[in-house]
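Asks: below are the sequence and a predicted model; questions follow.
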Amino acid sequence: MDLTLKIWRQTGPDDKGGLVTYQVADISPDMSFLEMLDVLNETLNAQGDEPIAFDSDCREGICGMCGLMISGHAHGPERTTTCQLHMRSFKDGDTITVEPWRAEAFPVIRDLVVDRGSLDRMIQAGGYISANTGSAPDAHATPVPKDKADRAFMAAECIGCGACVAACPNASGMLFLGAKITHLGELPQGQPERDARVVSMVNQHDHEGFGGCTNIGACTSACPKGIPQDVISQLNLDLRTALKNGR
Ligand code: SF4
Ligand code: FES
């Protein structure tokens, strides 16, 4: 495939940035999107030009590092991570626009790389269990009903990629936050800190500049792990309960 790429270039946080057009040729449909960018970078390197900065790590859909806005869609046209998107999702002659995540809480560092430290600071605010759970218990010592275990596992699939924020017109982080609250709140070990956790994490969410949820649903549609919107209902319920309990 021969493609036209319009890629966001920005030398640093204070640079205004803009789209730059590149042509790539002989792209295999079996390449991943990131491999296609690797090919372009090899050409830029060979020409003595500055390669395009973008993030990736596992390239297996599990680390959450690789988010890009591809022709207006977070992670591109398929419901997957950018590293698991393949060029067979495009056709010969296409023009593809590639931009970084856009959100106040995700400042651009360079080109397509954004600082997603705001998600880490939300986790630091309460996305953990510090209750003493003792030494490793027998497998059945703390029974967890199957429906709760399944829901905790579902929510734990969130990889912190930030696509939900990028897709949301409000740049809300509430799908991510709802996933973390649901993951820990479904388990017995998560109960001692449940009220404190939700209040602290919501405060950090708002402090970071994420917007509020207005039930648009773009977050869920973009989420590569299929985190459902009802984790946001759980988040709101937990917050109301915590405030009622005097938190
Ligand atoms: S909820 Fe989905 S889209 Fe949002 S950070 Fe987690 S995995 Fe990514
Ligand atoms: S590079 Fe790890 S999820 Fe894409």
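Replies: Perfect, I can see it now. Ligands and ions are numbered 1, 2, ... in the order given.

Asks: where does pLDDT dip in this structure?
Replies: By pLDDT under 70, the chain contains no weakly predicted segment.

Asks: how about the residues of it by ligand 2?
Replies: Where proximity means Cβ under 6 Å from any ligand atom, the interface of the chain facing ligand 2 comprises 56-59, 61-66, 81-83. Every C-beta, even on glycine, is put in place using the N, C-alpha and C of the backbone.

Asks: now the two most distant members of these.
Replies: By the measure Cβ to Cβ, the residues of the chain next to ligand 2 have their two most distant members at 62 and 82, which lie 12.9 Å apart.

Asks: when these two are compared, which one has more neighbours?
Replies: More neighbours surround residue 82 than the other of residue 62 and residue 82, with 29 against 14 (other Cβ atoms under 10 Å).

Asks: which residues touch the more buried one?
Replies: Residue 82 makes contacts with 33, 34, 56, 66, 67, 68, 70, 75, 76, as judged by Cβ atoms under 8 Å, 6 or more residues apart in numbering.

Asks: please repeat the previous calculation with a cut-off of 10 Å.
Replies: Counting by Cβ atoms under 10 Å, 6 or more residues apart in numbering, residue 82 touches 32-34, 37, 54-56, 59, 61, 65-70, 74-76, 98, 112, 161, 163, 224.

Asks: so which of those reach ligand 1?
Replies: Restricting the contacts of residue 82 to those touching ligand 1 (Cβ under 6 Å from any ligand atom) yields 161, 163, 224.

Asks: all strands for this structure, in order.
Replies: For the chain, the strands defined by DSSP state E occupy 3-9, 18-24, 69-70, 73-74, 95-99, 108-110, 113-114.

Asks: and for residue 24, the neighbour number?
Replies: Neighbour count of residue 24, defined by other Cβ under 10 Å: 17.

Asks: quick check: beta-bridge partners of it?
Replies: Beta bridges link residue 24 to residue 3, judged by DSSP bridges.

Asks: what about it, distance to ligand 1?
Replies: When Cβ to the nearest ligand atom, to the nearest Å is applied, the distance between residue 24 and ligand 1 equals 27 Å.

Asks: ok, the closest residue in space to residue 243 that isn't next to it in sequence to ligand 1 distance?
Replies: Of all residues beyond its chain neighbours, the one nearest residue 243 is residue 199 (7.4 Å), with distances taken as Cβ to Cβ, 6 or more residues apart in numbering. With distances defined as Cβ to the nearest ligand atom, the gap from residue 199 to ligand 1 amounts to 21 Å.

Asks: give me the neighbour count for residue 199.
Replies: Counted with other Cβ under 10 Å, the neighbours of residue 199 add up to 18.

Asks: residues contacting it?
Replies: When contacts are taken as Cβ under 10 Å, 6+ apart, residue 199 is in contact with 125, 126, 238, 239, 242, 243, 245, 247.

Asks: ok, back up a step: residue 102: which of the ones next to ligand 1 among the contacts of residue 82 is nearest?
Replies: The closest of the ones next to ligand 1 among the contacts of residue 82, once distances to residue 102 are taken by Cβ to Cβ, is residue 163, at 11.8 Å.
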